[in-house]
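**Q** Below: sequence and its predicted model.
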Amino acid sequence: MSQETILEVNDLRTSFFVEGNEVKAVDGVTFDVPKGKTLGIVGESGSGKSISALSILQLIDSPGKIVGGEINFKGDNLLKYNDNQMRKIRGNQISMIFQEPMTSLNPVYTVGQQLREALKIHRGLGKEAGTEKAVELLELVGIPSPRSRVTQYPFELSGGMRQRVMIAMALACDPELLVADEPTTALDVTIQAQILELLKELQDEFDMSIIMITHDLGVVAETCDYVAVMYCGKVVEYADVNTLFKNPRHPYTVGLLNSLPRSDVDQEELEPIHGTVPAPHEMPVGCRFAPRCPFATDLCHEKLPDLEDIGDEEQVRCWIYTDEWDGDPEVKVYEPEARTTKDQ
Amino acid sequence: MTVYIIRRVLQLIPVLLGVSILVFSLMHLTPGNPAQLMAGESAPPDTIEQIEESLGLNDPLPVQYWDYISGVVQGDLGTSMRYNTPVADEVWPKFKVTLELSIYSTILSIFMGLLAGIISAVRQYSISDITIMIIALFGLSMPNFWLGLMLIQWFAVNLGWFPPTGWEGPSSIVLPVISLGTAGAAIIARMTRSSMLDVISQDYIRTARAKGVKKRVIIYKHALKNALIPVVTVAGLQFGALLAGAVLTESVFAINGMGRLLVDSIIQRDFPVVQACILIIAVVFVVVNLIVDISYKFLNKRIDLND
């Protein structure tokens, strides 16, 4: 059964121009978001995942600039839209929630004023109708006594409450796509779980698609249907969530999983990925992960692999899975048993 | 809100009492005998004694202070030593002129400063930003009396657009207001620019953009209200400084304002007038600061200066 996709990002390139140098923060990113599903974008800090998300709504500030690619939303390339057309999309068909609930709400306007704003812009609701809808939205996101909250200021709410308000704001105009940029990173674990649960419920209720940007594989496992793993501005692996966790292909994905504590296998100790992310101005010419990859060959260091289909809805950017692979043909990238202690 | 305002107003009482005590002591801390001064160098001692008696100068200080303060509260600011007329009659018309001058200048400063600062911030590093900041630097560094003289030279003498001196009719106020308000406009422009730049990079501005809010609305609604607090503070201080510091501008434009009255009275040792001027300036300053404090609360409900 072929799935309807709501958003197709093709070869997206976003660069920052600092002192005459181009820093490619997002360097040819490609992924699809199936309708009504959640796509997780995972990666370390600086992998370009947040910039990809901001690029979708064209919220990149100077000196950053989208320099190429396509962002097809329901068949239309958003990068061809002018500022006015883009404004009609933002907060209406595509909304976004951010990482920092403490600073993402305007401190000098009430919750109600901020909720009414999008309703006024996109739905033309006046003050009274807007307030009614705002109360409804606050109730929807599980805020107790919503009627009294609309007149409160953000500083009167806790971090979890503020993130709920952000979600309410994002949902105001029934968006078809919600971009959540690390929505739970700044919250403590119990609140995190509640917010993720809430997003899932709302997704089912409104048949909304979600892009979940996170560095937390736990969040991915809990919420996502599909996952794109990013490294240094590129997608290195794309798969559905079960495949990714059960049978990861890219050595980087494997490294990420190995560095996580797990409950289903016994681990003596966690295995970190050695080395560090290369600095933007000294990107390797070949595979970006080659300097840190335990399997890297000369080919890896010299030539950048493409993102290749290796199965149904599964893509990986690694030479190991190509005919050109010049290393050990029997190489096993993922061996969960190897980490298990035998004396149990 | 009302509670906040009432508490702020009540807090003014000790400040005003302190001011009045300082102003009152002025007369007793400065060298020279006022009675001697009034009567003249060669007056006989019993005339001086008579004057001292009539002024109550022989009473204990607390009694004198009480007499003074109860007079002030009833609008009696004493009697001018020079003209032997009530000080209030002397001071009020001139205070009115200076107050007008200060208010117009402050309005000009705020209007020009905000506009220039916002343009500068929104188009950071553009030609308009650089131009505005250079003009602001000039405005800040030019002494206002010199600017006043230049304005008179160009616009009054050479072009004849405005009268060179005086304070009668709308056309006469233009040059003094420009010369007095320019420095303030420059300060406010620089303040607004840095404050706006700070606010524009905040997360909530990005949130507003993500909602589809127009750029203009983002700047004037979301950003400006947040950026206004330091600007309001500067504008308030500016107003107080103008009131006390208008004397140079008043002299250049031959305006009969309180600044000149104050300087003349100091030279003449007309203490009751000096006292009245200082008292009025201090009270206005305190009231303006009260207004600034109250406006903080309007701008950001979180601010509570009572804590």
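**A** Looks like it came in fine. Residues are numbered from 1 along each chain as shown, chains lettered A, B, ... in the order given.
**Q** So which residues of the chain form helices?
**A** I went with chain A, as the question did not name one. A:49-56, A:83-89, A:111-123, A:127-140, A:146-149, A:159-171, A:189-206, A:217-223, A:241-246, A:251-258, A:298-302 (DSSP state H).
**Q** that's the other chain; I wanted chain B
**A** B:2-29, B:34-39, B:45-55, B:61-73, B:87-122, B:127-141, B:144-151, B:170-200, B:203-210, B:215-217, B:224-245, B:247-252, B:258-268, B:271-299.
**Q** Now mean pLDDT, mean neighbour count and distance to A:Ile97 too, for these, in JSON lines please.
**A** Backbone N, C-alpha and C define where each C-beta goes, glycine included. Below are these laid out as JSON lines (pLDDT from 0 to 100; neighbours: other Cβ atoms under 10 Å in any protein chain shown; distance: least, Cβ to Cβ, whole Å):
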{"stretch": "helix B:2-29", "mean pLDDT": "86", "mean neighbour count": "13", "distance to A:Ile97": "34"}
{"stretch": "helix B:34-39", "mean pLDDT": "72", "mean neighbour count": "19", "distance to A:Ile97": "73"}
{"stretch": "helix B:45-55", "mean pLDDT": "80", "mean neighbour count": "14", "distance to A:Ile97": "74"}
{"stretch": "helix B:61-73", "mean pLDDT": "86", "mean neighbour count": "14", "distance to A:Ile97": "59"}
{"stretch": "helix B:87-122", "mean pLDDT": "92", "mean neighbour count": "21", "distance to A:Ile97": "26"}
{"stretch": "helix B:127-141", "mean pLDDT": "94", "mean neighbour count": "15", "distance to A:Ile97": "33"}
{"stretch": "helix B:144-151", "mean pLDDT": "91", "mean neighbour count": "18", "distance to A:Ile97": "51"}
{"stretch": "helix B:170-200", "mean pLDDT": "93", "mean neighbour count": "22", "distance to A:Ile97": "21"}
{"stretch": "helix B:203-210", "mean pLDDT": "93", "mean neighbour count": "23", "distance to A:Ile97": "8"}
{"stretch": "helix B:215-217", "mean pLDDT": "92", "mean neighbour count": "11", "distance to A:Ile97": "21"}
{"stretch": "helix B:224-245", "mean pLDDT": "87", "mean neighbour count": "20", "distance to A:Ile97": "21"}
{"stretch": "helix B:247-252", "mean pLDDT": "86", "mean neighbour count": "21", "distance to A:Ile97": "54"}
{"stretch": "helix B:258-268", "mean pLDDT": "87", "mean neighbour count": "20", "distance to A:Ile97": "57"}
{"stretch": "helix B:271-299", "mean pLDDT": "88", "mean neighbour count": "19", "distance to A:Ile97": "27"}
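**Q** Mind putting those into JSON lines with distance to A:Leu270?
**A** Below are the helices of chain B laid out as JSON lines (distance: least, Cβ to Cβ, whole Å):
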{"stretch": "helix B:2-29", "distance to A:Leu270": "54"}
{"stretch": "helix B:34-39", "distance to A:Leu270": "88"}
{"stretch": "helix B:45-55", "distance to A:Leu270": "90"}
{"stretch": "helix B:61-73", "distance to A:Leu270": "77"}
{"stretch": "helix B:87-122", "distance to A:Leu270": "47"}
{"stretch": "helix B:127-141", "distance to A:Leu270": "51"}
{"stretch": "helix B:144-151", "distance to A:Leu270": "69"}
{"stretch": "helix B:170-200", "distance to A:Leu270": "41"}
{"stretch": "helix B:203-210", "distance to A:Leu270": "33"}
{"stretch": "helix B:215-217", "distance to A:Leu270": "47"}
{"stretch": "helix B:224-245", "distance to A:Leu270": "44"}
{"stretch": "helix B:247-252", "distance to A:Leu270": "73"}
{"stretch": "helix B:258-268", "distance to A:Leu270": "76"}
{"stretch": "helix B:271-299", "distance to A:Leu270": "50"}
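**Q** before we move on, the earlier item: any idea which of the helices of chain A gets closest to B:Gln124?
**A** helix A:83-89 (19.0 Å; Cβ to Cβ).
**Q** just the residues of the stretch 201-307 of chain B that are near chain A, which are they?
**A** B:202-204, B:206-214, B:222, B:225-226, B:299-302 (Cβ under 8 Å from any Cβ of the partner chain).
**Q** can you count the residues close to B:Arg302?
**A** By other Cβ atoms under 10 Å in any protein chain shown, the residues close to B:Arg302 number 13.
**Q** Apart from its neighbours in sequence, what residue is nearest it?
**A** A:Phe155 (4.8 Å; Cβ to Cβ, 6 or more residues apart in numbering or on different chains).
**Q** Wait, that neighbour touches A:Leu105, no?
**A** No. Using Cβ atoms under 8 Å, A:Phe155 makes no contact with A:Leu105, being 9.1 Å away.
**Q** Which of those two has more residues huddled nearby?
**A** A:Leu105 (25 against 13).
**Q** is it true that the more buried one touches A:Arg164?
**A** No. With contact defined as Cβ under 8 Å, A:Leu105 does not count as touching A:Arg164 (11.0 Å).
**Q** Would you map out the domains in chain A?
**A** Per automatic domain parsing, the structural domains of chain A span A:103-172, A:247-339.
**Q** Would you mind measuring the gap between the ends of the shortest one?
**A** Using Cα to Cα, to the nearest Å, the end-to-end distance of domain A:103-172 comes out at 20 Å.
**Q** quick one: average confidence on it?
**A** Here domain A:103-172 scores 92 as its mean pLDDT.
**Q** Count the residues that sit near the residue nearest to A:Phe17 when sequence neighbours are not counted.
**A** Nearest residue to A:Phe17, sequence neighbours excluded (Cβ to Cβ, 6+ apart): A:Pro63, at 4.8 Å. A count of neighbours around A:Pro63, defined by other Cβ under 10 Å, yields 12.
**Q** was I right about A:Pro63 contacting A:Glu19?
**A** No. A:Pro63 lies out of contact with A:Glu19 (Cβ under 8 Å); the separation is 9.2 Å.
**Q** So what's the residue count around B:Arg82?
**A** With other Cβ under 10 Å as criterion, B:Arg82 counts 16.
**Q** which ones are touching it?
**A** B:Ser265, B:Gln268, B:Asp270, B:Val273 (Cβ atoms under 8 Å, 6 or more residues apart in numbering or on different chains).
**Q** so which of the residues you listed comes closest to B:Ala136?
**A** B:Ser265 (35.7 Å).
**Q** Distance check, A:Ile310 against B:Ala189.
**A** Using Cβ to Cβ, to the nearest Å, A:Ile310 is found at 60 Å from B:Ala189.
**Q** show me what contacts the closest residue to A:Ile211 other than its chain neighbours?
**A** Ranked by Cβ to Cβ, 6+ apart and with sequence neighbours excluded, the top spatial neighbour of A:Ile211 is A:Val179, at 4.7 Å. Neighbouring residues of A:Val179 by Cβ under 8 Å, 6+ apart: A:Ala53, A:Ile56, A:Leu57, A:Ile94, A:Ser95, A:Met96, A:Ile97, A:Ile210, A:Ile211, A:Ile213.
**Q** and if you look at B:Ile291?
**A** Per Cβ under 8 Å, 6+ apart, neighbours of B:Ile291: B:Gly236.
**Q** Pick out the residue closest to the middle of chain B.
**A** Centroid-nearest residue in chain B, with Cα atoms, centre = their mean: B:Gly240, separated by 2.6 Å.
**Q** wait, it sits on B:Phe285?
**A** Yes. Judged on Cβ under 8 Å, B:Gly240 makes contact with B:Phe285 at a distance of 4.1 Å.
**Q** sorry, back to before: mind putting the helices of chain A into a markdown table with mean neighbour count and distance to chain B?
**A** What follows is the helices of chain A, written out as a markdown table (neighbours: other Cβ atoms under 10 Å in any protein chain shown; distance: least, Cβ to the nearest Cβ, whole Å):
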| stretch | mean neighbour count | distance to chain B |
| --- | --- | --- |
| helix A:49-56 | 24 | 8 |
| helix A:83-89 | 14 | 5 |
| helix A:111-123 | 22 | 4 |
| helix A:127-140 | 18 | 13 |
| helix A:146-149 | 16 | 15 |
| helix A:159-171 | 24 | 7 |
| helix A:189-206 | 16 | 17 |
| helix A:217-223 | 19 | 20 |
| helix A:241-246 | 17 | 27 |
| helix A:251-258 | 22 | 28 |
| helix A:298-302 | 16 | 38 |
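**Q** Great, nothing more from me.
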